[in-house]
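Peer 1: everything below, folded, please.
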Amino acid sequence: NLCTVQVEGGTDEYIYSFNDLDAIASLGEVSKTVTVTLLGNATVGVEYTSSTVPMVVDLEGYTVSAASGRSSVISIPDGHDNVNLTVQNGTISGDGVSAASVLSEDCTLILDGLTMTSSGDFGIAANGSESGSEQSSAGLNLTVRNCSLTNCSLTNDSSSQESQGTVGIFFPAQEGTLTVENSQITGYNVGVQAFTGNITISGDQTKITGSGVKILNGQAGDLKTSGPLFDGAAVSIIERVNSNGTNGYGAFESVKIEGGSFSTTNTDGESAYGALHVSRYTNTTSGDYTNDFENKSDSGTQIVSISGGSFSNAVPAEFCAPGMVPSTSGGTHTVTVDSSVATDGNGTEASPYIIRDVAQLEAFRDKVNSGASYEGVYFALVSGQTYDISGSEWEPIGISKWDADSQTFSHYPFKGHFDGNGATITGLTMTGDDLACYNSFNTGYACYGFFGGVDGGTVENLRFTSFNIDTPGTAIENPEHGDACNNTVAVAVGA
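Peer 2: Coordinates of the predicted model:
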C-alpha cells in the first residue's frame, strides 16, 4: 500500500502510504493536481473527498481492491461535492462490491485504461433525484475511457440473469454527463442505464452487452418507484415519470451513440427490448414501460441521436441522427447516410461516403442545412470528376436561419470531413442581395462560399472554375444575415 506523490509544478517526489488520499492532498495547492503512483498492489481502495485539489491516481499496472466495509473500490462518498478524481492504468478488483461509485454533487470522475470487475449490484454507480436529495450525484461528469468492466459473479446464461438484477453503469445523475469511449461492458443484466443528463457513447472498440432478459419490472406486485430497471438492454434510456406526471430524475439533454457494438446475450429467443431500449416508465400502480418517449429536449433538439455503431436489433428510424437512416446487412443492424446523399462507402476515413453527382451534392447540402451536422463522418467526391452547379444560385453548405417568431438564430454548421479528392466544382454562383450565410462564430462576420460554416470539421482538395460570388447588398441588414459591413466571402469555405 505504498505510492509516490508528485505535486503539479513541483520537482520533489515523496513516498507515502496509499491508505489516506485526503492526507496526501494536503501536500498540494488549490487547483493544482496531485499525482499518486502505486508501487505495488493495494487493498485499501481509492476513496477521495477533497474539493480543492484534483487527484490523479496512476495504478502503474497494479491491482487495487476494496477496503473492508466499503461498497465499492473507487469511491467519492456522500457529502463531498466538487471532487475531481482520475484513476488510470491498472486493475480494479471488485470482489463482492462495485468497481466505482459517486454519491456527491458536481464531481468529476475519470476512469481511463482500467480493467474492472464487480460482483455487486452495480459495476459503476451514481445516484440522483429530481430535487437533489441526500447522496445525490447531480452534476456528475463521469468518463469511462479505454476500460473494460465485467460482472465476475454473473454467468451469461439467461436463467442466471433472470434471477439477478445488475447494471454495468447506472447513471441517474441530474444535469450530469456520461461519456463512454472505447470501453467494454459485459456480464450485466443491463449494460448502461441512464435516466437523465447528457450521454455520449463512441469508439470502434466499444462493446456493450445486455442479457436480453426483463426481470419482473412492471409485473403485478413488483412496482419499481426508484432505482434501476432491469430491462436486459445493452443501452437503456429511460424517462422515469412520477405518478403526478413529473420527471423523477430530471430531463435528458442528449443521448449520442456514435460508434461501438451493442448486443444482447440471450440465446433462448427474442430479447425483451433489444440492444437499445428507449422508453418511459411511470411510477403508478400499473407501472411499466410505455412507448411515448418524447425524443425532443426542452431546448427543442433531438435527444437520442444514433450516428454510428452496430446493433443486434434494428435501430428505430426516429432515433437515427439527422441525415441518417436504419440499415441492415448480414443480420447486423446499423445506421447509414440517406441514399439520396451517397450510395457508396461507410462514412469512415478509410471508406468515406462517395457523393457521385450534383443531385447527391445538393441533397447533402440540404441535409446539413436542415440539421444533419455529420460530426465525425467522412465524405468524398469522385476523383477527377467535374460537378457543374451552374444555372441557379448556390446556397452554402452550413448556414444560419433566423426565426422571426422567437427572434433567435438556429445554426447548422458542417462538422464532418469533406475531401474534394481533386474534383472540380464549376459554375458556383452567389449573387444578389438575399444570400444565405453562416454567422455563429461570434466574430460579427457573415460567412459565404461553397461552404458557409464548418465547425470542427475539415474541407480539403477542392478545385473551382467559372465561379461568381458577389458581396451581399442591402439585404444583409436583415437580422438573418447580420451586418452589411462585416462579411467573409471565400470560394471554398466562408468560415
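Peer 1: secondary structure of residue 116: a helix, I assume?
Peer 2: No. Using DSSP: H, G, I helix; E, B strand; the rest coil, the secondary structure at residue 116 is strand, not a helix.
Peer 1: gap between it and residue 58?
Peer 2: For residue 116, the distance to residue 58 equals 16 Å [C-beta to C-beta, to the nearest Å]. Where C-beta positions appear, they are placed from N, C-alpha and C, glycine not excepted.
Peer 1: go on, residue 106?
Peer 2: Distance, residue 106 to residue 58, by C-beta to C-beta: 24 Å.
Peer 1: in terms of neighbours, single out the busier of the two.
Peer 2: residue 58 (20 against 17; other C-beta atoms under 10 Å).
Peer 1: run a quick neighbour tally on the nearest residue to residue 7 once chain neighbours are set aside.
Peer 2: What sits nearest to residue 7 in space, not counting adjacent residues and going by C-beta to C-beta, 6 or more residues apart in numbering, is residue 28, at 4.9 Å. The number of residues packed around residue 28, counting by other C-beta under 10 Å, is 22.
Peer 1: just residue 358 next, same as before
Peer 2: 16.
Peer 1: and for it, nearest residue in space, chain neighbours not counted?
Peer 2: That would be residue 387: by C-beta to C-beta, 6+ apart, it lies 5.4 Å from residue 358.
Peer 1: bridged to that neighbour, which residues?
Peer 2: Per DSSP bridges, residues listed as beta-bridge partners of residue 387: residue 425.
Peer 1: biggest helix in the protein, by residue count?
Peer 2: helix 358-368 (DSSP state H).
Peer 1: which outside residues touch it?
Peer 2: 322-323, 338, 340-343, 355, 374, 379, 381, 387-389, 395-398, 412-414 (C-beta atoms under 8 Å, 6 or more residues apart in numbering).
Peer 1: 6 Å - rerun?
Peer 2: 323, 340, 341, 355, 387, 389, 397, 398, 414 (C-beta atoms under 6 Å, 6 or more residues apart in numbering).
Peer 1: what's downstream of that helix, the next helix or strand?
Peer 2: Using DSSP states H and E, the helix or strand that follows helix 358-368 in sequence is strand 378-381.
Peer 1: show me the contacts for residue 292.
Peer 2: residue 280.
Peer 1: tell me what residue 109 is bridged to.
Peer 2: On the basis of DSSP bridges, residue 109 is bridged to residue 85, residue 142.
Peer 1: any stretches of the stretch 301-450 of the chain with poor pLDDT?
Peer 2: 433, 440-445 (pLDDT under 70).
Peer 1: what about the strands in it?
Peer 2: 304-306, 310-311, 324-329, 332-337, 353-355, 378-381, 386-388, 399-403, 408-412, 417-419, 424-426, 429-430, 446-448 (DSSP state E, counting those that start in this stretch).
Peer 1: and for the stretch 1-150 of the chain?
Peer 2: Going by DSSP E, counting those that start in this stretch, the stretch 1-150 of the chain shows strands at 2-7, 13-17, 34-38, 46-47, 55-58, 63-65, 72-76, 84-93, 98-102, 108-118, 122-125, 141-145, 148-151.
Peer 1: quickly, which of those bottoms out on average pLDDT?
Peer 2: If you rank the strands of the stretch 1-150 of the chain by mean pLDDT, strand 13-17 sits at the bottom with a mean of 86.
Peer 1: using CSV, list the CA coordinates for it.
Peer 2: In CSV, the C-alpha atoms belonging to strand 13-17 read as follows (Å, rounded to 0.1, in the frame of the first residue of the first chain):
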residue,chain,number,x,y,z
GLU,A,13,8.7,13.3,-5.2
TYR,A,14,7.5,11.7,-2.0
ILE,A,15,6.8,8.2,-0.8
TYR,A,16,3.6,7.8,1.2
SER,A,17,1.2,5.2,2.4
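Peer 1: still on that earlier bit, list the buried residues of the longest helix of the chain.
Peer 2: Neighbour-count burial for helix 358-368 flags 358, 360, 361, 362, 363, 364, 365, 367, 368 (criterion: 16 or more other C-beta atoms under 10 Å).
Peer 1: closest one to residue 462 out of those residues, please.
Peer 2: residue 361 (11.6 Å; C-beta to C-beta).
Peer 1: which strand residues bridge residue 75?
Peer 2: Residue 75 has these beta-bridge partners by DSSP bridges: residue 47, residue 101.
Peer 1: just checking, it touches residue 47?
Peer 2: Yes. Here residue 75 reaches residue 47: they are 4.5 Å apart, a contact under C-beta atoms under 6 Å.
Peer 1: compare those two (neighbour count), which wins?
Peer 2: Each of residue 75 and residue 47 has its neighbours counted (other C-beta under 10 Å); residue 75 has more, 25 against 20.
Peer 1: thinking residue 354 is in contact with residue 346, fair?
Peer 2: No. Using C-beta under 6 Å as the test, residue 354 is too far from residue 346 to be in contact (10.5 Å).
Peer 1: which residues touch the residue nearest to the spatial centre of the chain?
Peer 2: Compute the mean C-alpha point of the chain, and by C-alpha atoms, centre = their mean the closest residue is residue 200, 1.0 Å away. Residue 200 sits next to 179, 256 when contact means C-beta under 6 Å, 6+ apart.
Peer 1: parallel or antiparallel, which strands does the strand or helix carrying it pair with?
Peer 2: Per DSSP H and E, residue 200 falls inside strand 197-202. Sheet pairing here is set by DSSP bridges, and for strand 197-202 it gives strand 177-181 (parallel), strand 252-257 (parallel).
Peer 1: quick one: contacts of the helix or strand just after that strand?
Peer 2: Beyond strand 197-202 on the C-terminal side, the first helix or strand identified by DSSP H and E is strand 207-210. Defining contact as C-beta under 6 Å, 6+ apart, one finds that strand 207-210 is touched by 184-186, 190-191, 232-234, 261-265.
Peer 1: got the angle between whichever helix or strand comes after strand 207-210 and strand 197-202?
Peer 2: Going down the chain from strand 207-210, the next helix or strand is strand 235-241, by DSSP H and E. Going by axes from the mean of the first three to the mean of the last three C-alpha atoms, to 10 degrees, strand 235-241 is angled at 170 degrees with respect to strand 197-202.
Peer 1: that older thread, which members of the contacts of strand 207-210 are classed as buried?
Peer 2: 184-186, 190-191, 232-234, 261-265.
Peer 1: of all those residues, which comes closest to residue 302?
Peer 2: Using C-beta to C-beta as the measure, the one of those that approaches residue 302 most closely is residue 262, at 19.0 Å.
Peer 1: how far away from the center of its chain is whichever helix or strand that closest one is part of?
Peer 2: If you go by DSSP H and E, residue 262 is part of strand 261-264. Distance, stretch centre to chain centre, for strand 261-264: 17 Å (C-alpha atoms, centre = their mean, to the nearest Å).
Peer 1: what bridges to the closest residue in space to residue 459 that isn't next to it in sequence?
Peer 2: Closest residue to residue 459 in three dimensions, ignoring its sequence neighbours and counting by C-beta to C-beta, 6+ apart: residue 418, at 4.7 Å. For residue 418, the beta-bridge partners under DSSP bridges are residue 379, residue 459.
Peer 1: related to what we said a few turns ago, just the buried ones from the contacts of helix 358-368, in PyMOL syntax?
Peer 2: Here is the PyMOL command that selects the buried residues among these (16+ other C-beta under 10 Å):
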select buried, resi 323+341+355+387+389+397+398+414
